[in-house]
Structures are given as structure tokens and as C-alpha cells.
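quick one: sequence and predicted model below, then my questions.
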2 protein chains.
Amino acid sequence: MKLRRSERMVVISNYLINNPYSLTSLNTFAEKYQAAKSSISEDIAIIKRAFENSNIGHIETVTGASGGVIFTPSISQEEARGIVQELCQRLSESDRILPGGYIYLSDLLSTPSILQSVGRIIASAFAGQKVDAVMTVATKGVPLANAVANVLNVPFVIVRRDLKITEGSTVSVNYVSGSSDRIEKMFLSKRSLKPKSRVLIVDDFLKGGGTISGMISLLREFESDLVGVAVFAENSQKEREHLFDYKSLLTVSEIDVKNNLVKVELGNIFQ
Amino acid sequence: MKLRRSERMVVISNYLINNPYSLTSLNTFAEKYQAAKSSISEDIAIIKRAFENSNIGHIETVTGASGGVIFTPSISQEEARGIVQELCQRLSESDRILPGGYIYLSDLLSTPSILQSVGRIIASAFAGQKVDAVMTVATKGVPLANAVANVLNVPFVIVRRDLKITEGSTVSVNYVSGSSDRIEKMFLSKRSLKPKSRVLIVDDFLKGGGTISGMISLLREFESDLVGVAVFAENSQKEREHLFDYKSLLTVSEIDVKNNLVKVELGNIFQ
């Protein structure tokens, strides 16, 4: 397909946005759009400047025979703060308090525009670190893991609390469930994670930390390494044994069930 | 922020790609990038041509005071077929057969690039129909619903097979579970779906149809309407009471456990 320069820039931008963190050679673009490699090179320079000026992301050029360009999405501190401040307000809505002092989050974690922003913020917090997979636990964490994996362009891995026949053989570990204070089991399909993977763990809400500790022990069973832990929100009231470092977008500092009040602050990801 | 034309086109493209199915006024772009409305209008014309020539999507211009542009992602029949044919091959891999004649799908449904393509194909199949939400059942359907909802830029709604305290009050219906042939219950949080919504149901694998029939009866409880049903794969061997129309990407026509053979064909979405 032969395109004018301006059109070519639009379609190359689209390609890079949809293929983050992956190397594409300039020849691929040159062949696809029937243009000289030098023209493609100029297009990329303009796209790079536009992406960087607007905080869309960075474009890295890798030289040499197996070279090409890699697009890494980013987000400015300012934009990230703005988004999370808005989430603070949403979370502070009094009708979110559920019996037992839980907070209703499902509407936020099922809105694509919010998930995309949150995915970009979490991915940026681990920029420069190699991540092979994003891990979470079913069901609440799945959209979040999916969002972060989309930005990093890596698969996500779902740990389950029950055994499903459709998962094939699994590895299981015990963990202390915070909500029931009991020892429970979590399962991961053997073929869902390659050994020696570098894994980023994400979850929706951090309370006691039992679930995440469980996932970390699963990583050991798969001879894999922990890159880091990120949560959408944490409960600062809970005394947590600090078994792992983590980054949180939001900190729920107070849930006053009697007066129907939730106090939410920016999480430690901004520190 | 003031940008050159070429840079402006790149950032407007990025904006449209990340905000599908939503109306943005030309004034928004004009203010954001400090350019005349007429210049923005010319930029959009070039982007529109590039998007349409490359089957990225359509840009519709709405005139009038509350007017603007709407980007609708699309996919060509050719590209869609190519993607699904590749999925046919992946699904036919003999090591996917699990005891009981089940097929392992989790790796495909946790790879962002596959999910994005599948989301675009399913969304395109319902183009022109108003969709307010995408519904699925936990856990397998979630990434698929998320992918379709991303393209349509609407929330997704997760039906559960168990009661979670973090969901608040729920509505439940009975359904016939295909795997156990028993009557079971499914639950949907009351606040997760607004009454009178138009809903697209998606799921990973269609066997007996009990789960989807359950979701359809849940829709009635929420006074909501079914736009359509789409599944990643269906099992053509099963006799299904045709209680609903559906579109499938893949049809598994034979699972030969003895000889470790899976036969997969293009689904009815291509008919």
C-alpha cells in the first residue's frame, strides 16, 4: 500500500501504539508502505518528537542489522496525579461502603478508560525493568492485570482459588486468607507460566497481604523472579507484616461505617 | 501546547485511537493544540483517509453546535480471517486436549495482542448497534469481555458463580450447568448494570448454552436488552437447544482424545 507522507505517519503511529515494547525494523515499514527506508526514518523522527512532547511515550532506535524502533508508552507525573486524584474522589463516595467495611470497586475496575490509565501508571512505575508476565489472582485482579499486560505487551497469568478442570495440571500453595483468617489453597496452571520468568504481581486491594505472599511463593515453585508488586488500593489501617515491597495507587486511610465516610489519599507510588 | 502540523496529526491520531466511539469536538483539539479549527479540520481529513485506506477504522464527522468527530475501529474481512485462521492452527495443537475432552485456551486468552484482535473482530460484528455494556461470566470470560469493551469504550459487567462480599447486594438466577448437569446459581451485583441497558454477552467457550441462557435471564431481571452473543469458540458436537443466536470465531468440530486430535474450523461469524 502506497501512502502520502502525512498518511504514512498516521498509520505508523497507530502501529507503534498498538505494538508497544516490541522491536519493529524500519524495513518492515518500508515494505509495508512502499517507501524508502530514509523516508521512514524521517517519519519516525517526527513521530518520536510528537510522542515525547505530548508525553505519549518514548521511541528508541536500535541500530545495526537486527535494529529497528521500540515504542514505550509513558505518562507524565502530572497526568498520573490528576487521574489518581480523580479516583480518590470516586473512591470517597459514601455509597461505596459495603457491610463489613469493604469498598465497592468493581465499577472503576470495569471501565476501559480508567483501566487504560491505571495500566499506564503501573507500567511506568516499573519502566526499564524486564517483565515477562503479569500475575494476579481471580477474579477481581484480572482486568487490572490485563490492563498492565496490554501496556507492557506481555501475557498475564491468573492464579485461582479453586481448581478448574479446564486448566490442566496445576501447582498449588497454601496461603493465609485475610478475610477468613484460614489457611487456603491457590492454584496455577503448570503451563501458564514458563520457568525463569520475571513477573510483576498486581492486585485490586491490599489488606493483610496473604494473597500476594501466596503468589510470591507460587513464583518460587515456578523458579521465577518477582519484579515488583502493584495494587490499585491499599488499606492503611491494617497492620501488615512487611514481607514484600509494593506500590499502591490509592491508600484508604479510614473507613467509618457508622458515619458512612471513606478517606482516601494518593498511594505510595507517588512518593 | 503548540505543535507542527505533522506532530499534531500524530497526537490527534493517538487521541482518537485511545478514545473510540466517543464524540470529541474540533474545538477541544483546537484549544489543546493551539491551532485554528480549520487546520484541525484538515488534519482530521488526512487522518480519516489514512485510517480508512489502512482499515484501522472510520471517522465520522457530526456537524452542528454539539458536533465533532467519532472514531470507530474496524477490521477488514481479510485481516480478521487471517487472525482467526492462525487461531485455528493454535487451537489444533494436540497438546491442548485436557482429560475429559476439554481444550486449554488460557494462554490465548491472556495474550494482549490476540485479545486486541479478537476484541476488534467481535466489536466489528456488531457495528452500528448501540451497546451500553459487555457482559460475561467469571473467570474465563473476563479478558474477552474486557477486550471487546475496550474497543467499544463501554464498561463490562462480570456475572459470578459464587457470592462475594465485596459486590454488595446482588440479583441471582438459576441456570443449568453443562459440566455438572445440575441447577446452579449465578449472581450479578445490583449496581453493576443500569436498568434499560443494551448488553452484548461474550464468553470463551459455548457448549450446552446453559451459562449464556442464565445471563440472558439475568438481563430480564435488570430490564435490559440483549444486543447479541459472541463466543471465542463453540463445540459443534454438542446438541444445543437454540435458545439464542450467537456468533462464534472458532468451531471445534472434533476432539479425538484417543488419538490426541482436535479439529477446528472458522466459526459462524464469517458466514
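Great, that's in hand.

let me see the ranges of the strands in the stretch 151-271 of chain A.
Taking DSSP state E, counting those that start in this stretch to define them, one finds strands in the stretch 151-271 of chain A at A:156-159, A:170-177, A:182-189, A:198-206, A:225-235, A:247-256, A:261-266.

and the ones you listed, which is most packed in?
Ranked by mean neighbour count, those are led by strand A:156-159 with a mean of 27 (mean count of other Cβ atoms under 10 Å in any protein chain shown). Heads up, the C-betas are built off the backbone N, CA and C, glycines and all.

that one packs against which elements?
strand A:133-137, helix A:142-152, strand A:182-189, helix A:210-221 (3 or more Cβ pairs under 8 Å, 6 or more residues apart in numbering or on different chains; DSSP states H and E).

hang on, the earlier thing: nearest to A:Gly67, of the strands of the stretch 151-271 of chain A?
Checking the strands of the stretch 151-271 of chain A against A:Gly67 by Cβ to Cβ gives strand A:198-206 as the closest, at 23.9 Å.

okay, that closest one in CSV with CA atoms only?
Extracted as CSV, the C-alpha positions of strand A:198-206 are listed here (Å, rounded to 0.1, in the frame of the first residue of the first chain):
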residue,chain,number,x,y,z
ARG,A,198,10.3,-12.2,35.6
VAL,A,199,6.9,-11.5,37.0
LEU,A,200,5.1,-8.3,38.1
ILE,A,201,2.3,-9.1,40.6
VAL,A,202,-0.8,-6.8,40.6
ASP,A,203,-4.0,-6.9,42.6
ASP,A,204,-7.0,-4.8,43.3
PHE,A,205,-6.9,-4.3,47.1
LEU,A,206,-4.1,-5.0,49.6
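
picking up where we left off before, quick one: which of the helices and strands packed on strand A:156-159 is nearest chain B?
helix A:142-152 (4.6 Å; Cβ to the nearest Cβ).

for the stretch 101-250 of chain A, which residues score under the pLDDT cut-off?
Low-confidence regions of the stretch 101-250 of chain A, defined by pLDDT under 70, span residues A:179-180, A:237-242.

can you tell me the closest non-neighbouring residue to A:Pro80?
Actually, residue A:80 is Ala. It isn't Pro. With Cβ to Cβ, 6 or more residues apart in numbering or on different chains as the criterion, A:Ala80 has its nearest non-adjacent residue at 4.8 Å, and that residue is A:Ile121.

list the contacts of A:Leu188.
A:Leu188 makes contact with A:157, A:159-160, A:170-172, A:218, A:221-222, according to Cβ atoms under 8 Å, 6 or more residues apart in numbering or on different chains.

where does the stretch 151-271 of chain A come near chain B, residue by residue?
By the criterion of Cβ under 8 Å from any Cβ of the partner chain, the positions of the stretch 151-271 of chain A lying close to chain B are A:153-158, A:160, A:165-168, A:179, A:189, A:191-192.

among the residues you listed, which one sits closest to B:Val69?
Set against B:Val69, the nearest of these by Cβ to Cβ is A:Asn153 (28.0 Å).

the closest one against A:Ser22, yeah?
Yes - between A:Asn153 and A:Ser22 there is a contact under Cβ atoms under 8 Å: 5.9 Å.

now do the phi/psi pair for A:Gly101.
Main-chain dihedrals, A:Gly101, degrees, to the nearest 10: phi 80, psi 20.

oh sorry, the question was meant for A:Ser41
phi -60, psi -40.

I'd like to know how far it sits from chain B.
Plainly put, A:Ser41 is 14 Å away from chain B if you go by Cβ to the nearest Cβ, to the nearest Å.

and A:Arg96, by the same measure?
To chain B, A:Arg96 is 9 Å away according to Cβ to the nearest Cβ.

and the residue nearest to A:Ile46 when sequence neighbours are not counted, helix, strand or coil?
With Cβ to Cβ, 6+ apart as the criterion, A:Ile46 has its nearest non-adjacent residue at 4.9 Å, and that residue is B:Ser6. Under DSSP: H, G, I helix; E, B strand; the rest coil, the three-state class of B:Ser6 is helix.

okay, buried residues for stretch A:106-121 please.
Neighbour-count burial for stretch A:106-121, counted by 16 or more other Cβ atoms under 10 Å in any protein chain shown, picks out A:106, A:108-112, A:114-121.

meant to ask about stretch A:89-103, not that
By neighbour count on 16+ other Cβ under 10 Å, the buried set for stretch A:89-103 is A:90-92, A:96-98, A:102-103.
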